[in-house]
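# Dropping the sequence and predicted coords here.
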Amino acid sequence: MTDNKNEDLEYRCGFVALLGRPNVGKSSIINTLLKEKVAAVPSKPQTTRNAIRCILTTEKEQIIFVDTPGIHKPKNVLGDFMVNEAGKALTQVDLICFVVEAGDRSIGEQEELIIEILSKCGVPIVLAVNKVDKLPDPELFWKTVEMYETRIIPAAVVPISAKKGTNMDVFIETLSGMLPVQPPIYPADMLMDTTERFLAAEVIREKVLNFTDQEVPHGTAVVVEEFRSPEEYPELRTCEIRATIIVDREGQKGIIIGRGGAKLKTIGMAARKDLEEKFGYPIYLQLWVKVKPGWRKSQEELRRLGYSF
């Protein structure tokens, strides 16, 4: 017979995929839980391109969140890559957290795609209803839940507000209770399973998305050409980063650079500030903009830019 008291003390660890339509708040959930800006939260949809692993470690659990690209109907090879990344992430997790928005009154095309994927994966689902702080009437929350429960059978439903931090402790407790009993996989101080070079590229790309017009974001990529940190090169007092912003068209290049280089300077200053906070040392950042027509439609070009199929 097992002692329930001892069971409560057993450590839990596992992988949780965050799934939801673009900009429903998946990256904000991670940032709120980790209290650091580790996942890009730009103002435009379909901006997370790679499945990013972010790690929450406490005395009782380690939850490895897989922040997947927003699922949508792909329009090019890059779109195919983003959807494939989301699908691959689901084959490696213990639990799926389906993030929807409080007050949703209908199931849209993107949710239909997600529900179709969920019906095939056979992994327990937690329905996280985000942005409850925006609801004028609590009854709307239950209407949203009832609507989704006609299509999926969640193991649990949790109302949250990632922005306000509402109910996030219950959210963690719910996820943790459904994970395997096993020791932690990552060191306690590790927040992301990725390199500083990758993180630098994500921060720069986030700033491009935030400071440019609607047309530009999906036509951009960032390649870090050089990354020299004081940890690798003790003689340096600053971290030297040289990166290239790749765009589809000459007009996009002009938008990013701006009049007299003003927009590119603004992007660089904002990125440098974020990177200095993340890495803990001064950043010397150089940015260039290069035009590569049709790069999103070419698997060969995407591989050169670091996307693996």
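Arrived safely. Numbering: from 1, shown residues only.

# Report the beta-bridge partner residues of residue 65.
On the basis of DSSP bridges, residue 65 is bridged to residue 16, residue 54.

# So what's the residue count around it?
Residue 65 has 26 neighbouring residues, counting by other C-beta atoms under 10 Å. C-beta coordinates here come from the backbone N, C-alpha and C atoms, glycine included.

# Let me see the contact set for it.
Residues counted as contacts of residue 65 (C-beta atoms under 8 Å, 6 or more residues apart in numbering) are 16-18, 29-30, 33, 53-56.

# ok, so of the residues you listed, who is nearest residue 118?
Residue 118 lies nearest to residue 17 out of the contacts of residue 65, by C-beta to C-beta, at 10.2 Å.

# ok, which stretches of the stretch 151-300 of the chain are strands?
156-159, 220-228, 239-247, 283-291 (DSSP state E, counting those that start in this stretch).

# among those strands, which is the most enclosed?
Among the strands of the stretch 151-300 of the chain, strand 239-247 has the highest mean neighbour count (mean count of other C-beta atoms under 10 Å), at a mean of 21.

# could you list every residue that touches residue 54?
30, 34, 38-39, 64-65, 67, 191-193.

# ok, now with 10 Å
By C-beta atoms under 10 Å, 6 or more residues apart in numbering, the contact set of residue 54 is 18, 27, 29-31, 33-34, 36, 38-39, 63-67, 190-194.

# Kindly report the same for residue 244.
So residue 244 contacts 201, 204, 221-225, 286-290, 292, 305 (C-beta under 10 Å, 6+ apart).

# can you rerun that using 7 Å?
With contact set as C-beta atoms under 7 Å, 6 or more residues apart in numbering, residue 244 has these partners: 223, 225, 288, 290.

# a helix runs through residue 145, doesn't it?
Yes - the assignment for residue 145 (DSSP: H, G, I helix; E, B strand; the rest coil) places it in a helix.

# which residues pair with the closest residue to it other than its chain neighbours across the strands?
The shortest distance from residue 145 to any non-neighbouring residue, by C-beta to C-beta, 6 or more residues apart in numbering, is to residue 157 (5.5 Å). For residue 157, the beta-bridge partners under DSSP bridges are residue 127.

# picking up where we left off before, so among the contacts of residue 54, which ones count as buried?
Neighbour-count burial (16 or more other C-beta atoms under 10 Å) applied to the contacts of residue 54 gives 18, 27, 29-31, 33-34, 38-39, 63-67, 191-192.

# Let's see which of these end up in helices.
Members of the buried ones among the contacts of residue 54 lying in helices (criterion: DSSP state H): 27, 29-31, 33-34.

# pLDDT below threshold where in the chain?
Applying pLDDT under 70 to the chain flags residues 1-9, 36-52, 68-89, 213-219, 296-309.

# State the distance from residue 24 to residue 160.
For residue 24, the distance to residue 160 (C-beta to C-beta, to the nearest Å) stands at 11 Å.

# what comes up buried for stretch 180-190?
Within stretch 180-190, the residues scored as buried using 16+ other C-beta under 10 Å are residue 184.

# Quick one: the contacts of residue 244 as TSV, columns for distance to residue 165 too.
Conversion of those to TSV gives the following (distance: C-beta to C-beta, whole Å):
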residue	distance to residue 165
223	35
225	38
288	39
290	40
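
# Run through the residues that contact residue 34.
By C-beta under 7 Å, 6+ apart, the residues touching residue 34 are 54, 56, 191.

# with the residues you listed in mind, which one is nearest to residue 229?
Taking those together and measuring to residue 229 by C-beta to C-beta, the closest member is residue 191, at 16.8 Å.

# And for residue 241, nearest residue in space, chain neighbours not counted?
residue 285 (5.0 Å).
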